[in-house]
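> with the input below, show me the fold.
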Amino acid sequence: MAGKDLIMWVGYIHYPTIQNFTDEARDLGISKRISKVPTDYTPDETRLFFIHDEGIKGDAVIFGYCTVGDIEVVVDSPDNIPDWIDGPVTPIIIDDVRMEAQRGCGFRDHLGAIYLRSHRNGNADPDDLPTAKLNICGDLTLIDPPLDYNLIFDEDAKRFRSFKRVDGDDLLKQNSHKLIPTERAVNTLDESIREIKAGTKWSDGEREALIGLIEKIGPYRACKEMARQTSRTFQSCMYQYRNNILEREEDDVGELIEL
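Presented below is the predicted three-dimensional model:
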């Protein structure tokens, strides 16, 4: 899925949860350190996608992206850009950098360090987004629900340094979604439910498990999560929700009205 866009990991040590990174992106914009200047980079067009496993190794999601506005290098003088840096960069003086707010990953006060900086969204219009599954949060565009990194790229979700190439258009067309890792850890189903074979009749226990997920995370995500953890398909889970669970709730309301 190589292309004109980029994809990087968000480090668990500095940002234990996706929410930590999202909050900083909203308040300070996005700054990601890289080891080299990417080739064929187009300011205000190239997108940078983000991966996180929230410390649960081997289980990752792609939760959002930003548009890269600039590539900066930290220098002590505008004329002292290191010779080994190949590509267009904007010099930023280290004394100015030290006046910035501290980020989760610390200060950007490392001479010669290269950073991808997000394009400022400003008053971006949510109606301009390519799909309703995207939400704007400062410079960050959130993918909701997140994409399943394991299914789309690497089933082992091995972390890597710096960036890799990706086709952002193809990525956003993917329909493999799952909850963020920490949400799934909380919503893990009982083993007896997870071991039920496909093709068998739905049990009351399965419906109760689905109801429990719906109460926590809503119908769509609950059905996605039920399908991920069991042999049931997403369509089967949605059928149970629409034709059994909803009907039962409506019957319960009707009984209360009669009383």
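> every contact and neighbour count from this point should use C-alpha atoms.
Fine.
> tell me the secondary structure of residue 23, please.
helix (DSSP: H, G, I helix; E, B strand; the rest coil).
> hmm, I typed the wrong one, I wanted residue 80.
Note that with three-state DSSP, the state of residue 80 is coil.
> repeat that for the one 3 residues further on.
Each residue gets one of three states, and residue 83 gets coil by three-state DSSP.
> what's the pLDDT at residue 181?
What the model reports for residue 181 is a pLDDT of 86.
> what distance do you get for it to residue 51?
Note on residue 181: its distance to residue 51, by C-alpha to C-alpha, to the nearest Å, is 11 Å.
> between those two, which contacts overlap?
Taking C-alpha atoms under 8 Å, 6 or more residues apart in numbering as the contact rule, residue 181 and residue 51 both touch 60-61.
> what's the domain layout of the protein?
5-177, 187-258 (automatic domain parsing).
> out of those domains, deepest packed?
domain 5-177 (a mean of 17; mean count of other C-alpha atoms under 10 Å).
> got the end-to-end distance for that domain?
Terminal-residue distance, domain 5-177 (C-alpha to C-alpha): 20 Å.
> state the mean pLDDT of it.
Rounded mean pLDDT across domain 5-177 is 88.
> the residue lying closest to residue 78 once chain neighbours are set aside: what's it in contact with?
Excluding the flanking residues, the one nearest residue 78 by C-alpha to C-alpha, 6 or more residues apart in numbering is residue 91, at 5.7 Å. Shown in contact with residue 91 (C-alpha under 8 Å, 6+ apart): 72-75, 77-78, 81.
> residue 91 pairs with what?
Applying DSSP bridges to residue 91 gives these bridge partners: residue 73.
> quick check: the gap between it and residue 180.
36 Å.
> for residue 226, same thing?
Distance from residue 226 to residue 180, by C-alpha to C-alpha: 14 Å.
> also residue 8?
17 Å.
> repeat for residue 69
Residue 69 sits 27 Å away from residue 180, going by C-alpha to C-alpha.
> also residue 90?
35 Å.
> repeat that for residue 27.
22 Å.
> could you do residue 111 as well?
Taken as C-alpha to C-alpha, the span from residue 111 to residue 180 is 35 Å.
> same question, residue 57
13 Å.
> what does residue 117 give?
25 Å.
> hey, where'd the helices end up in the chain?
With DSSP state H, the ranges of helices along the chain come out as 18-28, 94-97, 149-152, 168-173, 181-186, 191-194, 204-217, 219-229, 234-240, 246-258.
> and the longest one, C-alpha only, in PDB?
Included here for helix 204-217 are C-alpha records, laid out as PDB according to Å, rounded to 0.1, in the frame of the first residue of the first chain:
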ATOM      1  CA  ASP A 204     -29.400 -16.100  25.400                       C
ATOM      2  CA  GLY A 205     -25.900 -15.700  26.800                       C
ATOM      3  CA  GLU A 206     -24.600 -14.300  23.500                       C
ATOM      4  CA  ARG A 207     -27.400 -11.900  23.300                       C
ATOM      5  CA  GLU A 208     -26.800 -10.700  26.900                       C
ATOM      6  CA  ALA A 209     -23.100 -10.300  26.100                       C
ATOM      7  CA  LEU A 210     -24.000  -8.200  23.000                       C
ATOM      8  CA  ILE A 211     -26.500  -6.100  25.100                       C
ATOM      9  CA  GLY A 212     -23.700  -5.500  27.600                       C
ATOM     10  CA  LEU A 213     -21.400  -4.200  24.900                       C
ATOM     11  CA  ILE A 214     -24.100  -2.100  23.400                       C
ATOM     12  CA  GLU A 215     -24.700  -0.400  26.800                       C
ATOM     13  CA  LYS A 216     -21.000   0.400  27.000                       C
ATOM     14  CA  ILE A 217     -20.100   1.500  23.400                       C
END
